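Participant: Dropping a prediction and its sequence here:
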Amino acid sequence: MKHHYLVFFVYFILGISADAQSIAQVNLQAKQFQDAYNQALNQQEYDEALVHLNALSDLLIYQAIDHQRSYSLLRDFKPYLKFCQTPKQRANFYINYAESATYNQYYKEAMQILEEGISYMEKEQDSSWYAFGYAYLKAAENTNRLNRFTESATYFQKAESLFSHQQDSLMLLWTKSGLSTLFSSFALYDKAAKEREFIFNMPKKPGFAQVKAVAHLRAATDAFFQNQPQKELYHIEQALKTENNQADIKEIVRLISLTFATAIYARNQQKDKANRYFKELQTQFSEHKLQTPFINSYYRLAQSRHALVNNQIDLAISSAHDLLESLENTDDWQHLARAYWLLANIYEENQQTPKALYYLKRYTHLKDSVNVAASRRQFAFVQTQFETKKKDLALKQKNQAIELLHAKNRIVNQRLLLLGIISLFGFVFLYIWRQRLYAQRKERLQKEFAHNLVHQLEDERKRIAGELHDSVGQNLLLVKNKLLLKKQQEHQLLEESIQEVRSMSQRLHPFQFEKLGLLTSIKHTVERFQKNSSIYYSTLIETQHINLKKEKAIFIFRMIQECLNNVEKHSQASACQVRIQETSETYIFSIKDNGLGFEVSQQMQKLDSLGLKNLKERAVLIEAKLKIRSSREKGTHISIILNKHAN
């Protein structure tokens with residue numbers, strides 16, 4: 001959209017319309033966009049429809065020059081805009097809609113559209129959008145057409161602020177140029193010159209040339225109305241020397257520069273230069289261009305001035321009257337004043353004094369009325385600025401007082417908040433500290449209870465085992481001996497009873513444990529399981545001696561017993577190995593089988609998995625690490641890892 005805007009902006013500043021491009025090509029593109037838009041709209045795909053509509057409107061506005069069609073399409077889509085979710089496309093819709101209304105000279109409606117669009121973009125709060133600054137620029141142009149001078153200046157300044165924020169130097173220059181044009185239109189020449197000075201001082205860049213050329217043309221116009229011929233000649237020379245390499249407006253800026261040059265040099269009696277530039281102008285003009293009113297008016301002014309300097313009075317008069325006729329119904333007072341001055345010069349040259357005086361009076365009256373209006377507007381503008389500054393100062397003082405009060409309140413609130421935070425922090429710290437002490441005490445009591453319980457169980461087992469072995473076992477042995485003397489046939493039953501008692505005693509408490517030690521006790525236990533099971537049990541002991549306290553050793557022994565019982569009862573294994581390893585830091589006791597296996601996490605949650613829970617509790621009590629690895633059909637591997645230094 002930006003490159004099209006540059007074209008339009010020159011039209012706004014100089015009062016001309018765009019030249020038509022290839023009609024066939026433009027119509028083909030328009031049909032493609034129209035078909036895509038209709039299809040998306042019929043399918044209620046509103047976001048996609050909006051994309052095609054914006055592209056179509058862009059083409060109709062800037063290339064096909066079919067502003068009424070563009071306006072109608074955008075107006076008809078307006079009710080569907082609320083369904084669109086793409087912010088940038090919505091912003092572009094407002095720009096195209098306002099542009100179409102402006103070209104159709106619906107200036108009030110264009111302002112309503114722009115105000116709605118600006119309100120939407122301000123809610124989105126994205127000042128990086130190009131359309132945001134562009135909307136303010138369009139609002140400035142339309143309020144200028146509606147003679148709302150102060151409002152127009154405010155919009156220009158807002159656009160300037162946004163383009164400065166976006167660091168869009170080119171559009172910032174065009175905004176400055178538009179603001180200078182606004183001031184020139186109301187004869188505020190000093191303010192216009194100040195805005196243009198910013199443009200002239202910018203460094204040379206390819207995109208800046210056209211802005212500078214237009215600014216020089218406006219400066220030449222201002223110099224004419226201020227009766228400053230040297231400045232007028234200087235600025236037209238600068239405009240002619242400016243290289244406009246941008247394809248969009250190169251031709252149109254050159255055409256206007258040539259019309260200005262012809263008229264200015266002819267009026268200043270520099271006939272050779274006037275003839276040279278008018279000749280170049282004629283080679284570039286076409287009948288199509290002359291059908292455009294504003295282009296025609298510039299050409300007629302140059303043609304009349306050229307004819308006058310070459311003493312072609314009749315052609316000068318006819319061209320001047322054609323120019324005046326085309327301007328009678330316009331609000332362009334500057335163009336109209338030049339036409340009156342031109343006719344006054346022609347009739348003076350032709351010695352028709354009454355007519356010369358008539359047009360001179362009209363010129364003077366128009367210029368004076370504009371100057372009076374300009375003085376009033378300048379006073380109103382300065383007064384508005386003064387009142388604005390006064391209000392801003394009062395508002396600033398009021399805001400400072402409010403900020404001071406807020407600052408005091410913030411200090412009080414911050415103190416209260418800090419005190420509250422400190423109190424809350426202290427309470428939370430105290431609560432956490434007490435909970436931690438309680439948890440530590442609870443954990444210590446649980447360990448002590450579990451430890452005492454296990455010791456009591458072991459002591460009770462030891463006592464019962466001792467009684468079975470020393471009392472019941474001995475009694476059964478005496479009975480056996482007596483029966484051997486009397487009834488030989490019953491000694492077998494008695495022998496089995498004695499062995500059962502000894503086995504019970506061994507399971508309750510292995511008396512050989514104190515004498516034989518942990519390794520030998522484990523070997524005997526594995527051998528006992530081997531004798532009474534179909535599972536093949538084996539041991540692999542890779543150390544000669546294990547140095548453990550008695551209570552930890554018995555815990556290890558019980559845990560291995562528990563593991564072997566589980567293998568026997570549940571595994572359905574064909575083989576099981578007990579392996580004992582020693583490293584520099586640990587003792588490792590492993591029980592591995594090739595049985596059915598199980599899911600460890602599920603098994604631990606079952607109510608009947610008391611054996612596994614006992615293993616974990618015993619491991620915790622002796623500060624050992626318990627690893628259980630098992631899966632379905634892949635057996636079970638249990639490791640008990642005990643740190644030597646924790647012994």
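Facilitator: Happy to help now that I have it. Quantities reported herein were computed from a predicted structural model and do not represent experimental measurements.
Participant: Checking the residue nearest the centre of the chain next. Helix, strand or coil?
Facilitator: Taking CA atoms, centre = their mean as the criterion, residue 126 is the residue nearest the geometric centre of the chain, at 10.8 Å. Residue 126 falls in the coil class when you classify it by DSSP: H, G, I helix; E, B strand; the rest coil.
Participant: I figured it hits residue 133, correct?
Facilitator: No - in this structure, residue 126 sits apart from residue 133 without contact. The criterion is CB atoms under 8 Å, and the distance is 11.6 Å. (Each C-beta comes from the backbone N, C-alpha and C, glycine too.)
Participant: quick one, what contacts the residue nearest to the centre of the chain?
Facilitator: Applying CB atoms under 8 Å, 6 or more residues apart in numbering, we find residue 126 in contact with 87, 132.
Participant: give me phi/psi at it?
Facilitator: Torsion angles at residue 126 (phi, psi; degrees, to the nearest 10) stand at phi -120, psi 90.
Participant: any idea how far residue 198 lies from residue 76?
Facilitator: If you measure residue 198 against residue 76 using CB to CB, to the nearest Å, the figure is 42 Å.
Participant: more neighbours, these two?
Facilitator: More crowded of residue 198 and residue 76, by other CB atoms under 10 Å: residue 198, with 16 against 11.
Participant: That one is in contact with residue 176, isn't it?
Facilitator: Yes - checked against CB under 8 Å, the pair residue 198 and residue 176 is within contact range at 5.2 Å.
Participant: So residue 548, which state does it fall into?
Facilitator: Of the three states, residue 548 takes coil according to three-state DSSP.
Participant: And the one 4 residues further on, by the same measure?
Facilitator: When states are read from three-state DSSP, the local structure at residue 552 comes out as helix.
Participant: residues contacting the closest residue to it other than its chain neighbours?
Facilitator: Once its chain neighbours are removed from consideration, residue 552 has its nearest residue in residue 622; the separation is 4.8 Å (CB to CB, 6 or more residues apart in numbering). Contact analysis of residue 622 by CB under 8 Å, 6+ apart lists 551, 552, 555, 556, 642.
Participant: Next, the buried residues of whichever helix or strand the last one is part of.
Facilitator: Translated: residue 642. Under DSSP states H and E, the secondary-structure element containing residue 642 is strand 636-643. Neighbour-count burial for strand 636-643 flags 636, 637, 638, 639, 640, 641, 642 (criterion: 16 or more other CB atoms under 10 Å).
Participant: Nearest to residue 409 among those residues?
Facilitator: Of all the buried residues of strand 636-643, the one sitting nearest residue 409 is residue 641; the distance, using CB to CB, is 63.4 Å.
Participant: what residue ranges in this protein score low on pLDDT?
Facilitator: Across the chain, the ranges flagged by pLDDT under 70 are 1-23, 65, 243-252, 285-295, 329-332, 371-402, 445-514, 602-610, 646-647.
Participant: how far does the helix or strand hosting residue 521 sit from the chain's center?
Facilitator: Per DSSP H and E: residue 521 is located in helix 512-531. Averaging C-alpha positions (CA atoms, centre = their mean, to the nearest Å) puts helix 512-531 73 Å from its chain's average.
Participant: which secondary structure elements does that helix contact?
Facilitator: In this structure, helix 512-531 makes packing contacts with strand 536-541, helix 550-566, strand 575-582, judged by 3 or more CB pairs under 8 Å, 6 or more residues apart in numbering; DSSP states H and E.
Participant: what would those look like in CSV with mean neighbour count and distance to residue 50?
Facilitator: Formatted as CSV, the helices and strands packed on helix 512-531 follow (neighbours: other CB atoms under 10 Å; distance: least, CB to CB, whole Å):
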stretch, mean neighbour count, distance to residue 50
strand 536-541, 14, 79
helix 550-566, 19, 72
strand 575-582, 18, 75
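Participant: could I get these as CSV with distance to residue 524?
Facilitator: Shown next, in CSV, are those (distance: least, CB to CB, whole Å):
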stretch, distance to residue 524
strand 536-541, 10
helix 550-566, 11
strand 575-582, 12
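Participant: For residue 137, which of these is the nearest?
Facilitator: Comparing the helices and strands packed on helix 512-531 by CB to CB, strand 575-582 comes nearest, at 84.9 Å.
Participant: So which residues make contact with the closest one?
Facilitator: Here strand 575-582 makes contact (CB under 8 Å, 6+ apart) with 519, 522, 526, 535-543, 546, 560, 564, 567, 587-594.
Participant: give the contact list for residue 90.
Facilitator: 50, 81, 84, 120.
Participant: Quickly find the element holding the first one.
Facilitator: Here residue 50, judged by DSSP H and E, is contained in helix 46-62.
Participant: what residues does the helix or strand that that helix is followed by touch?
Facilitator: Scanning forward in sequence from helix 46-62 by DSSP H and E, the next helix or strand is helix 67-77. Under the contact criterion CB under 8 Å, 6+ apart, helix 67-77 has outside partners 37, 41, 49-50, 53, 56-57, 60-61, 93, 96-97, 99-101, 103-104, 106.
Participant: List buried residues within these.
Facilitator: Neighbour counting with 16+ other CB under 10 Å marks 37, 41, 49-50, 53, 56-57, 60-61, 93, 96-97, 99-101, 103, 106 as buried within those.
Participant: re the thing from before, out of the contacts of residue 622, flag the one nearest to residue 151.
Facilitator: The nearest member of these to residue 151, counting by CB to CB, is residue 642 at 89.4 Å.
Participant: Pull the contacting residues for the closest one.
Facilitator: In this structure, residue 642 makes contact with 548, 552, 556, 586, 587, 588, 589, 622, 623, 624, 625, judged by CB under 8 Å, 6+ apart.
Participant: Give me the neighbour count for residue 197.
Facilitator: 13.
Participant: residue contacts, it?
Facilitator: With CB under 8 Å, 6+ apart, residue 197 has no contacts at all.
Participant: Confirm it sits in a helix?
Facilitator: Yes - when three-state DSSP is applied, residue 197 is found to be in a helix.
Participant: Distance of residue 302 relative to residue 242?
Facilitator: Distance check for residue 302 against residue 242: by CB to CB, it reads 19 Å.
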